[in-house]
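>>> have a look at this fold, sequence not included:
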């Protein structure tokens, strides 16, 4: 029984790191976070049709490869490795996008 619980916990932890990479089709957690943040910032969701601002915003995502998100994650969570901090921030943005937006705006 203990083995099953440990296995389930490890699977959940691994899934929390793998999900952002798979769903955003990126190679790092910080790159996934950055893609999500840009999408939240320009207000994309599945119900809206793309407009020129959206196209420009998405095209600019390819230039950073997660460096901006990595720097922000290191500033917010200096004692955590960047990949863990980016994963925490990614899930914060997924669970509460409005609160995440407000926390980022409040820091500026």
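Cool, the structure landed. The shown structure was predicted, so the numbers you read here are calculated from the model rather than taken from an experiment. Residues are numbered from 1 along each chain as shown.
>>> what average pLDDT does the longest helix anywhere in the chain get?
Ordering each helix of the chain by length in residues (DSSP state H) puts helix 2-24 first. The average pLDDT for helix 2-24 rounds to 83.
>>> give me the distance from whichever helix or strand comes after it to the chain's centre.
Next along the chain after helix 2-24, taking DSSP states H and E as the criterion, comes helix 29-41. Relative to its chain's centre, helix 29-41 lies at 5 Å (C-alpha atoms, centre = their mean, to the nearest Å).
>>> got the angle between helix 29-41 and helix 2-24?
Here helix 29-41 points in a direction 60 degrees away from that of helix 2-24 (axes from the mean of the first three to the mean of the last three C-alpha atoms, to 10 degrees).
>>> just the mean pLDDT for helix 29-41, thanks.
Confidence for helix 29-41, expressed as mean pLDDT, is 83.
>>> give me the buried positions along it.
Applying a neighbour-count criterion of 16 or more other C-beta atoms under 10 Å, one finds 29-40 buried in helix 29-41. Backbone N, C-alpha and C define where each C-beta goes, glycine included.
>>> burial check on residue 7, number of neighbours?
Using other C-beta atoms under 10 Å, the number of residues around residue 7 comes to 10.
>>> distance check, it against residue 90.
24 Å (C-beta to C-beta, to the nearest Å).
>>> related to what we said a few turns ago, can I get the buried residues of helix 29-41 in JSON lines with distance to residue 77?
Shown next, in JSON lines, are the buried residues of helix 29-41 (distance: C-beta to C-beta, whole Å):
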{"residue": "29", "distance to residue 77": "12"}
{"residue": "30", "distance to residue 77": "12"}
{"residue": "31", "distance to residue 77": "17"}
{"residue": "32", "distance to residue 77": "16"}
{"residue": "33", "distance to residue 77": "12"}
{"residue": "34", "distance to residue 77": "16"}
{"residue": "35", "distance to residue 77": "19"}
{"residue": "36", "distance to residue 77": "17"}
{"residue": "37", "distance to residue 77": "15"}
{"residue": "38", "distance to residue 77": "20"}
{"residue": "39", "distance to residue 77": "22"}
{"residue": "40", "distance to residue 77": "19"}
